[in-house]
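Engineer: Curious how this folds, go ahead:
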Amino acid sequence: MDDQLDPVIMPPLKTEKEKEAEKKENKILYNGYDLIRNPITEIPKLLDPLFPKVSSVSLVGTSDLGKSTLLRQFALAVSMGDTKFLGWDLKAEHKRALYVSTEDDNDASTIQLKRFNEVRKKDDVDFKGITFIYDIFKLKDTVENYVKENPIDVLIMDAYLDIYSGTNSKNDGGQIRQFLTDYDQLAKKYKFLVIWNHHCKKGTQAFEPGKDNVLGSQSFEAKMRLVCEMRPDLVDDHRRHLCFIKGNYLAPEYKIESYVLELDPYTLYFKNTGERELFENLRIEVKKKEDLKKMVIAQHEEGKTLREIETDIRSQGYKISKSSIHRTVKAYKKDD
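Structural biologist: Residues are numbered from 1 along each chain as shown. Reported below is the predicted structural model:
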């Protein structure tokens, strides 16, 4: 009896579209003729005009400002298909976000999502678009295995110093560049944005917001397409300042004044006040914050109205809002 050969199973033929996609993915050299004929006229954006659709960006600042809170709010806005975020146009394609959290766990995230939903009033099913990772062992493999099957718009890396897998030195430029390049290439391969949560150096709040404030090697900042520094308000504990200190494609007017946000301390939800502040006014001078509070209390005890206090303090060159004065007076009455 003749041995029968097993039938050869041929792989399915690739379509022309699949061949073209594979060719683009593996391409290294690009001719100027092909580039000039590319129909795009501007860099595709996820958050227009701030965040590119594909790249690496970072949010930096000192501790306890709410950086993670803001990034989580952004991830949820993406995953819920919002068309606006803090007033800017949000253009999520997949409506899916992947959030790597090294400081929280399931319980913490559950509480955070429930507080968030006290503002948004969404159904449980609306939260399916966001996925959390808490275990960072073999993180790059975990991320790639997920995005292969589940295309995402944004990967949040919170926080950089916990995730960085190089030497113990945060100043090793070569290793930092290679580490960030690995994730940057992953983002380009699967077409998503990476946002890194990182810290500023101690004492930098005495200076204007700027790239030199970023902690560690300059290699970190150099690999970012955009860097945003979060600053506390000098008077109002519920306010934060978003300062775009680097943006390769941002117009100059974005990089001289902050965008003033207000944080609800219970729901942990940020809103854009619509106000802006010059970077030079955000330096924390010695005792300036306490001095302003003392001025407010002293004038309150004199019987002045909130408007009169605001007018007087502003006439002395200080920046303060009526809502800030109201909170300062309210806290004073509570403690009295």
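
Engineer: going forward, measure contacts and count neighbours with C-alpha atoms only.
Structural biologist: Fine.

Engineer: show me where the stretch 201-336 of the chain has helices.
Structural biologist: 218-222, 288-301, 306-315, 322-335 (DSSP state H, counting those that start in this stretch).

Engineer: can you list the ones you listed in JSON lines and add mean neighbour count?
Structural biologist: Output for the helices of the stretch 201-336 of the chain, formatted as JSON lines (neighbours: other Cα atoms under 10 Å):
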{"stretch": "helix 218-222", "mean neighbour count": "18"}
{"stretch": "helix 288-301", "mean neighbour count": "15"}
{"stretch": "helix 306-315", "mean neighbour count": "16"}
{"stretch": "helix 322-335", "mean neighbour count": "15"}
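
Engineer: Need the ones you listed in TSV (columns: distance to residue 99).
Structural biologist: As requested, the helices of the stretch 201-336 of the chain are exported to TSV (distance: least, Cα to Cα, whole Å):
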stretch	distance to residue 99
helix 218-222	20
helix 288-301	35
helix 306-315	41
helix 322-335	33
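
Engineer: Reformat these as JSON lines; add mean pLDDT.
Structural biologist: Formatted as JSON lines, these follow (pLDDT from 0 to 100):
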{"stretch": "helix 218-222", "mean pLDDT": "93"}
{"stretch": "helix 288-301", "mean pLDDT": "82"}
{"stretch": "helix 306-315", "mean pLDDT": "85"}
{"stretch": "helix 322-335", "mean pLDDT": "84"}
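
Engineer: Residue 258 is nearest to which of these?
Structural biologist: helix 322-335 (17.3 Å; Cα to Cα).

Engineer: Can you tell me which helices and strands that closest one packs against?
Structural biologist: Applying 3 or more Cα pairs under 8 Å, 6 or more residues apart in numbering; DSSP states H and E, one finds that helix 322-335 makes contact with helix 288-301, helix 306-315.

Engineer: Now do the strands in this structure.
Structural biologist: 45-48, 51-52, 55-61, 84-85, 88-90, 97-101, 130-133, 154-158, 193-199, 226-232, 239-247, 257-263, 270-278 (DSSP state E).

Engineer: circling back: out of the helices and strands packed on helix 322-335, flag the one nearest residue 98.
Structural biologist: helix 288-301 (37.9 Å).

Engineer: Any chance you could list what contacts the closest one?
Structural biologist: With Cα atoms under 8 Å, 6 or more residues apart in numbering as the test, helix 288-301 has contacts from 234-235, 306, 309, 313, 325, 328-329, 332.

Engineer: Settle this for me: residue 268 is touching residue 114, isn't it.
Structural biologist: No. Applying Cα atoms under 8 Å as the test, residue 268 and residue 114 come out as separate, 10.5 Å apart.

Engineer: So for those two, which sits in the more crowded spot?
Structural biologist: Higher neighbour count among residue 268 and residue 114: residue 268, with 18 against 15, using other Cα atoms under 10 Å.

Engineer: which residues sit in contact with that one?
Structural biologist: 69, 112, 115-116.

Engineer: Among the residues you listed, which lie within helices?
Structural biologist: Those of the contacts of residue 268 mapping onto helices are 69, 112, 115-116, per DSSP state H.

Engineer: who wins for neighbours among the residues you listed?
Structural biologist: residue 116 (20 neighbours).

Engineer: Count the neighbours of the nearest residue to it once chain neighbours are set aside for me.
Structural biologist: Spatial nearest neighbour of residue 116, excluding adjacent residues (Cα to Cα, 6 or more residues apart in numbering): residue 267 at 5.6 Å. Neighbours of residue 267 under the rule other Cα under 10 Å: 16.

Engineer: can you check residue 45 too?
Structural biologist: Residue 45: 18 neighbours (other Cα under 10 Å).
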